Structures are given as structure tokens and as C-alpha cells.
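Chemist: how would this look folded up:
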Amino acid sequence: MRVLLSTYGSRGDVEPLVGLVVRLRELGAEVRVCAPPDEDFAERLAGVGVPMVPVGRSARALTTAAPSAADLPRRAAELIAGQFEAVTAAAEGCDALVATGAMPAAAGALSVAEKLGIRSVSVTFQQLTLPSPHRRPLAYPGRAFPPDVADNRMLWDLDAQSIDALFGEALDTNRASIGLPPVGNVRDYVIGDRPWLATDPTLDPWQETPDLDVVQTGAWILTDDRPLPADVVAFLDAGTPPVFVGFGSMPLHAATDAAQVAIEAIRAQGRRALVGRGWADLALIDDLDDCFVVGEVNQQALFGRVAAVVHHGGAGTTTTATRAGAPQVVVPQAADQPYWAGRVADLGIGAAHDGPVPTVESLTTALTAALTPETGARAAAVAGTIRTDGAAVAATLLLDTIARTADRS
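Modeler: Modelled structure (predicted):
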């Protein structure tokens with residue numbers, strides 16, 4: 001069997017596919033991956049023996065450019081066109097396509113699968129894009145919901161209208177170019193009848209809704225056996241466990257201030273600091289030996305050796321820190337990150353910072369809460385509940401689905 005995995009987004013959209021790739025190949029499948037042409041994505045996939053088919057522009061360049069709300073439709077059109085070009089070629093001879101990442105990109109990939117007549121599955125790594133009467137949808141930039149509308153079902157209807165306004169014309173134009181009819185509702189087309197939610201049930205419990213048949217597979221985690229760099233190990237061994245601070249794929253337009261604030265707050269706790277460079281290019285603020293900066297690193301190994309993790313609240317980082325049993329301080333920047341911050345606080349495994357811009361005082365307060373013995377004990381207890389079989393579950397389910405489809409035909 002041949003499977004194409006397609007995504008467009010940050011490291012958090014690519015890393016789970018690494019886990020799925022490995023599990024699919026263990027079951028005998030041939031796998032291809034379409035992803036943005038960022039060098040670190042290609043290197044990560046090459047590390048598990050899978051060449052990457054580049055699609056579109058660099059995700060890092062697109063993210064750090066901070067597009068305006070008015071520019072979203074044009075960017076969406078670019079993403080969709082890129083998917084039609086790259087996925088059409090990559091999907092040749094495939095039995096199934098798994099689509100995830102940014103909604104317009106997923107819409108493009110799913111349209112290609114529809115045209116080629118191959119099985120497709122839509123996957124999300126956070127539940128906030130799945131309509132539910134239990135919570136509000138996220139508002140797109142520049143398209144705030146009316147303040148007088150409180151009913152969740154009405155808000156989800158408005159969400160569908162916003163998505164159609166942003167992405168509908170570009171999607172239908174590209175679909176028409178390959179002989180497909182227009183899509184009446186972009187969001188519902190992308191989600192499909194039976195979407196997969198690749199998150200951990202403890203960290204991200206899905207509440208059943210009669211309108212949607214969601215399959216929660218568990219998070220797609222691959223055990224990372226890469227050793228930590230020797231200089232990182234030397235720093236860890238040189239003193240008490242440090243506090244890690246990093247914001248992953250978030251550009252952080254006040255990056256220098258963020259590093260300054262974080263290091264000062266960590267030092268106020270009497271702790272050493274380990275700074276993750278990330279897409280914000282965080283750097284050290286002086287040459288004192290109580291701080292160290294790291295680039296790309298095995299976070300599974302690293303988080304098991306730190307006193308706490310200060311991060312942006314991406315789904316992948318939150319899951320990795322939770323699984324490692326590290327207390328967390330989540331400083332959410334955008335999108336689903338406030339949700340993950342809330343889950344960390346609700347579970348008692350860390351603190352949710354109020355807003356995206358910390359001060360020394362606000363971060364010190366959050367760190368004080370995260371570094372208590374009670375929070376540490378709770379983080380260790382919750383770590384033992386995090387499932388590690390999500391990618392294996394998804395791989396088996398996907399290949400079984402392909403087999404059943406083939407039998408019926």
C-alpha cells in the first residue's frame with residue numbers, strides 16, 4: 001500500500017507525521033510526505049528515511065512575515081495552488097492521502113484526492129477547529145465575532161461563513177481548473193464525515209457531539225533516540241536542573257525582550273536557564289555561565305532533565321512536556337495556544353500565563369507556581385497517563401480502512 005501524508009504549517013504540524021511514517025512503514029506501507037520546504041523539516045524526515053516532497057514557500061518565512069488579516073485570502077490562494085501542484089504529482093499511485101495542517105492547504109490536498117479517486121482522511125492536532133456545542137470557535141484575524149452572539153451553535157455558523165469568505169473563492173477556482181465542482185462549505189469539506197483527532201485523551205479530552213463522528217487516536221509520538229549534544233549534556237551536568245524557555249515556531253516580534261524577561265525571571269527563582277533559540281532566534285543576554293542556548297534538540301530527552309518548561313503552548317510542545325513530567329509555564333501567543341495553557345492549568349501540571357507578553361514580575365509569579373513540589377508531583381503523576389501508541393493506532397486504522405475500501409470495490 002502507498003500512503004501520502006500532506007501538511008503545511010509549523011514544526012508542530014510536521015513532527016507528528018514522523019511518528020505516523022515510522023508506524024506505517026513497520027506495517028509494510030510505502031509512505032511519501034508533502035511538507036513546506038524548510039530545511040529542518042527535510043532533515044527530520046530524512047532522519048527516518050523518508051524524502052520530503054516540498055510544497056509551497058518556507059513555512060518559517062511565511063510565519064515570520066506576520067501577514068495582515070487583509071492578506072489572508074491571497075496567502076490562502078497561494079497555499080491551495082501549491083497543494084494542487086505538488087500533491088497531484090506526489091499522490092500518483094497512492095491508495096490513500098492523510099491531510100492536515102493549515103485549512104486552505106488541507107482543502108487543496110483533499111481536492112486532489114477527490115479528483116484522483118483515492119481514499120482521504122482529515123486529521124487535526126487540536127480540537128478547536130472541530131465544531132462543538134461545548135465551546136466557541138476561534139476567530140480568524142480581522143473577523144471577530146459579534147459581541148452580542150453567545151450561542152455556540154450560532155458562532156460555529158459564523159465561523160463557517162468566515163472560512164468561506166477567506167478561502168472559498170481560491171479553493172473553488174482551483175477545483176474548477178481540474179474539473180471539480182465548487183465546495184458549498186469549506187470547513188465542513190475539510191473536516192469530512194469522520195475526522196481524526198490526533199491528541200491525547202488525558203490532555204485533550206473530546207466531548208462527544210451528535211453532529212460529528214470524531215476518531216481520537218491519541219497523539220502521534222515517536223520515541224526520539226537522538227542523543228543530546230555533548231555541550232548541552234555538559235551544561236545540564238554542571239549544576240541543578242535548569243528551567244528551559246523556548247517558543248518553538250513562534251516568531252515573537254519582541255524576541256530580545258522575551259529572552260531578557262525570561263532569564264531574569266528564571267534567575268529570580270535561583271535557577272539556571274536553558275534557552276531554546278527557535279524561530280524567534282532567542283539569544284543569551286550576557287556571558288554568565290548560568291545560561292546556555294540550544295538549537296534543534298531532542299526535547300523528549302531534554303525535558304526529562306529540566307526543572308520546568310516555559311513555552312508558547314503548541315500542541316506538540318505541550319504534549320512532550322506533559323509526557324516528560326516537567327512542570328510547565330505556558331505563555332500563549334496565538335490560535336490554539338490559550339487552550340493548551342488552560343489545559344495545563346486545569347490539570348494542575350503548571351501555570352497559564354495571562355497573555356502573550358510576559359514581564360519579569362508576571363513570569364516570576366507563574367514560575368513560582370510551577371516550581372512548587374505539589375505541581376511537580378502532579379506533573380509526574382499525569383505523565384504516566386499519556387498514551388504513546390497514537391501513531392500505531394492511526395497507522396493500523398488507516399491501512400485497515402484502505403483494505404476494506406479495496407474489498408468493497
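
Chemist: which residues does the helix or strand bottoming out on mean pLDDT in the chain contact?
Modeler: None of the helices or strands of the chain scores lower by mean pLDDT, DSSP states H and E than helix 59-64, at a mean of 77. For helix 59-64, the surrounding residues in contact (C-beta atoms under 8 Å, 6 or more residues apart in numbering) are 8, 9, 10, 36, 38, 41, 56, 75, 249, 250, 251, 279. In this view, the C-beta of every residue, glycine as well, is placed from N, C-alpha and C.

Chemist: from those, which single one is nearest residue 264?
Modeler: When these are compared for distance to residue 264 (C-beta to C-beta), residue 250 comes out closest, at 19.9 Å.

Chemist: ok so, going back, buried residues in the least confident helix or strand of the chain?
Modeler: 59, 60, 62, 63, 64 (16 or more other C-beta atoms under 10 Å).

Chemist: still on that earlier bit, the contacts of helix 59-64 in helices, which ones?
Modeler: With helices taken from DSSP state H, the overlap with the contacts of helix 59-64 comprises 41, 75.

Chemist: what about the stretch 1-150 of the chain, any weak spots by pLDDT?
Modeler: Applying pLDDT under 70 to the stretch 1-150 of the chain flags the ranges 64-69.

Chemist: what's the strand or helix carrying residue 25 packed up against?
Modeler: Using DSSP states H and E, residue 25 maps to helix 11-26. If contacts are counted by 3 or more C-beta pairs under 8 Å, 6 or more residues apart in numbering; DSSP states H and E, helix 11-26 sits against strand 2-6, strand 30-35, helix 39-46, helix 315-324, helix 390-408.

Chemist: could you give the angle of the shortest one to helix 39-46?
Modeler: In this case it means strand 2-6. Angle, strand 2-6 to helix 39-46, by axes from the mean of the first three to the mean of the last three C-alpha atoms, to 10 degrees: 160 degrees.

Chemist: packing partners of strand 2-6?
Modeler: Strand 2-6 sits against helix 11-26, strand 30-35, helix 72-90, strand 96-99, helix 103-116, with contacts defined as 3+ C-beta pairs under 8 Å, 6+ apart.

Chemist: could you do the longest one as well?
Modeler: Packed against helix 390-408 by the contact rule (3+ C-beta pairs under 8 Å, 6+ apart) you find helix 11-26, strand 96-99, strand 119-124.

Chemist: returning to what we had before: just the contacts of helix 59-64 now: which is nearest residue 17?
Modeler: Nearest to residue 17 among the contacts of helix 59-64 is residue 41, at 9.5 Å by C-beta to C-beta.

Chemist: thought residue 53 was touching the closest one, still the case?
Modeler: No - Residue 41 is beyond contact range of residue 53, at 11.1 Å (criterion: C-beta atoms under 8 Å).

Chemist: show me whatever sits in contact with both of these two.
Modeler: Residues touching both residue 41 and residue 53 (C-beta under 8 Å, 6+ apart) are residue 35.

Chemist: and the two? Which one has more around it.
Modeler: Set side by side, residue 41 and residue 53 show more neighbours around residue 41, with 26 against 20, by other C-beta atoms under 10 Å.

Chemist: thinking again about what came up before, looking at the helices and strands packed on helix 11-26, which is closest to residue 93?
Modeler: strand 2-6 (5.7 Å).

Chemist: ok, and what's touching the closest one?
Modeler: Here strand 2-6 has contacts from 17, 20-21, 24, 29-35, 55, 83, 87, 90-91, 93-101, 105-106, 109, 398, 402, using C-beta under 8 Å, 6+ apart.

Chemist: what's the answer for stretch 139-153, then?
Modeler: So stretch 139-153 is contacted by 68-70, 72, 132-137, 155, 158-159, 162-163, 165-166 (C-beta under 8 Å, 6+ apart).

Chemist: which among the residues you listed count as buried?
Modeler: The neighbour-count test (16+ other C-beta under 10 Å) marks 72, 132, 137, 155, 159, 162, 163, 166 as buried among the contacts of stretch 139-153.

Chemist: just the endpoints, please. Distance across stretch 329-342?
Modeler: End-to-end distance for stretch 329-342: 11 Å, by C-alpha to C-alpha, to the nearest Å.

Chemist: do the same with stretch 352-371
Modeler: Length of stretch 352-371, first residue to last, C-alpha to C-alpha: 13 Å.

Chemist: what do you get for stretch 179-196?
Modeler: Taking C-alpha to C-alpha as the measure, stretch 179-196 stretches 28 Å from start to finish.

Chemist: list the buried ones in it?
Modeler: The neighbour-count check on stretch 179-196 (16+ other C-beta under 10 Å) flags 183, 186, 187, 189, 190, 191, 195, 196 as buried.

Chemist: contacts for it next, please.
Modeler: With contact meaning C-beta under 8 Å, 6+ apart, stretch 179-196 is reached by 99, 103, 106-107, 110-111, 114-115, 120-124, 129-131, 159-160, 163-164, 167-168, 171-172, 175-176, 212-217, 394.

Chemist: if we use 6 Å, what do you get?
Modeler: Applying C-beta atoms under 6 Å, 6 or more residues apart in numbering, the external contacts of stretch 179-196 come out as 103, 106-107, 115, 121-123, 160, 163-164, 167-168, 171-172, 213-215, 217.

Chemist: likewise stretch 365-385?
Modeler: Contacts of stretch 365-385 (C-beta under 6 Å, 6+ apart): 202, 265, 269, 308, 323, 325, 327, 329, 347-351, 353.
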